[in-house]
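> The following block contains a protein sequence and its predicted model.
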Amino acid sequence: MRAVNRVASAILAVVLIIVGVLVVVQTVSALLDRPWPIDRSWYDRLATTPWSDRAVLITALIVGAVGLLAFVAQLLPRRQRYLPADANGSLWWVSRRSVERRAAHAAQFLGGAQHTKVSIRGDARRWRVRVRGDAPPHRHDGVVQAVRQELVTAGAPSLEFSLALRQPRRVA
């Protein structure tokens with residue numbers, strides 16, 4: 001969604017710059033008592049076009065549909081960039097991606113797992129943690145402990161774990 005927002009912002013910026021340049025050109029030409037330097041036939045045609053014209057209706061429908069799609073896209077749920085954390089009774093926000101990386105690092109280097117990936121979702125009351133990677137069964141508890149300790153350090157509220165650890169492949 002961030003890419004869509006950036007593209008829409010860039011298009012809007014370009015349109016506003018063009019309109020601003022046209023306003024400056026018109027103002028300068030009016031101050032110098034010179035005619036408008038751009039052909040005005042488009043303006044005359046636009047000023048005499050009725051609202052009931054087919055082209056106007058189609059353009060209005062397209063613009064309305066694009067606006068409605070943009071509105072609906074903003075309403076769709078997506079992963080939060082920041083997670084609410086609670087440290088000593090005060091609510092603060094931590095970067096979700098940063099906490100996921102720290103937890104994956106803890107699972108790998110403190111818990112003994114390999115190729116770990118951690119995803120976190122949640123609110124101020126509970127974080128749901130999903131740990132994926134490779135670890136032998138006797139290391140599963142160590143992985144959970146390492147990730148739990150790292151998340152408590154980050155200020156996580158109560159945690160709900162989901163482990164998806166596979167047996168590491170043997171290399172012959």
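Yep, it's here.
> How are the helices of the chain distributed by residue range?
For the chain, the helices identified by DSSP state H occupy 2-31, 41-48, 54-75, 96-109, 140-153, in order along the chain.
> Nearest to Ser162, out of these?
Put simply, out of the helices of the chain the one that sits nearest Ser162 is helix 140-153, at 10.5 Å, with distance taken as Cβ to Cβ. All C-beta spots, glycine's among them, are computed from the backbone N, C-alpha and C.
> tell me the angle the closest one makes with helix 96-109.
Orientation of helix 140-153 against helix 96-109 (axes from the mean of the first three to the mean of the last three Cα atoms, to 10 degrees) gives an angle of 140 degrees.
> outside of helix 140-153, which residues touch it?
For helix 140-153, contacts defined as Cβ atoms under 8 Å, 6 or more residues apart in numbering pick out 99, 102-103, 105-107, 110-113, 116, 118, 120, 127, 129, 131, 133, 135, 159, 161, 163, 165.
> before we move on, what about stretch 36-53?
Counting contacts by Cβ under 8 Å, 6+ apart, the residues outside stretch 36-53 that touch it are 22, 25-26, 29, 55-57.
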